[in-house]
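*Asks:* From the sequence below, what's the structure:
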Amino acid sequence: MKFNNYDLAKNLWGVDENNNTWENIYLVTDIEMIDVSYDRLNKILGYKDNYVIQGLQVLDEIKSNKLFEVLELYNYSLNEPVSIDDYKNTLSNLENADKLDTEYMARRRKEQSFLRNYLFGNDKYFECGICGEKFPIDMLITAHIKKRSYCSNDEKLDYKNIVMPMCKLGCDDLYEKGYIFVDGSGNISLNRDRPITQKISQYVDPIIGKRCKYYNEQSSKYFKANVDRHKIEV
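*Replies:* Residues are numbered from 1 along each chain as shown. This is a model prediction of the structure:
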């Protein structure tokens, strides 16, 4: 969060010799201390081996993206605002991007930020679209109902119908791997062709038969595409 407040800044830090203070303020959350050696940092950023960073250094987007990926710093619970036009451009640029390139990862994060903002807004907790349980949003995936890599660009742009939240505690994997699916009536069903262990049964038994609230006339074709991909007999 960013804001401007002279009185707060004056109270916190006082003023300089001209009675000015540092009133442009930003707030941060989820602070995490990390310890990275110069050797490792220099290799990630492409600096000389003996380079020593001194003081505050603001990295450009490419170097920042490298650090995000290698050090796993990106927090999907804090989403940057992304406009619909920016989202469309991002998807268009992803089509021909090198998946190992840092720019590709930056665009994928931008895509995720747009979708997470659409699904969760400013909520801190949200319900899984499969089990219906409420979770902190960093425990939820913005899952494509039809596998993302199988979607056309037009289907990816249909974000109001192609994505839904699924929890990391099991629903995302179970749906993605075809253990459970949403049938033509919008109900969550068990794929009996998959090997089901006792632990999986304990997890899915309370879910089976529930209606998926993300099933509707527009999204039904994407749920069917997932059924067809796993060759599930309905």
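
*Asks:* From the contact counts, what lies against the helix or strand encompassing Lys221?
*Replies:* Lys221 is part of helix 220-229 when elements are defined by DSSP states H and E. Here helix 220-229 touches strand 180-182, going by 3 or more Cβ pairs under 8 Å, 6 or more residues apart in numbering; DSSP states H and E. Where you see a C-beta, it was placed from the backbone N, CA and C, and this is true even at glycine.

*Asks:* Need the contact partners of the strand it packs on.
*Replies:* Contact with strand 180-182 is made by 130, 145, 171, 174-175, 188-191, 204, 207-208, 212, 215, 223, 226-227, 230, 232, as judged by Cβ atoms under 8 Å, 6 or more residues apart in numbering.

*Asks:* Now, the residues you listed that are in helices?
*Replies:* Among those, DSSP state H puts Cys171, Leu174, Tyr175, Val204, Phe223, Asn226, Val227 in helices.

*Asks:* circling back to that earlier point, so how far is the helix holding Lys221 off the chain centroid?
*Replies:* Going by Cα atoms, centre = their mean, to the nearest Å, the spacing between the C-alpha centre of helix 220-229 and its chain's C-alpha centre is 22 Å.

*Asks:* Mind listing what's buried along it?
*Replies:* For helix 220-229, the neighbour count (16 or more other Cβ atoms under 10 Å) marks Ser220, Tyr222, Phe223, Lys224, Ala225, Asn226, Val227 as buried.

*Asks:* List the contacts of stretch 122-142.
*Replies:* Applying Cβ under 8 Å, 6+ apart, the external contacts of stretch 122-142 come out as 75-77, 112, 115-116, 119-120, 143, 163-172, 174-175, 180, 188, 206-207, 210, 212-214.

*Asks:* Narrow those to just the buried residues.
*Replies:* Listed as buried from these are 76, 112, 115-116, 119-120, 143, 163-167, 170-172, 174-175, 180, 188, 207, 212, 214; burial here means 16+ other Cβ under 10 Å.
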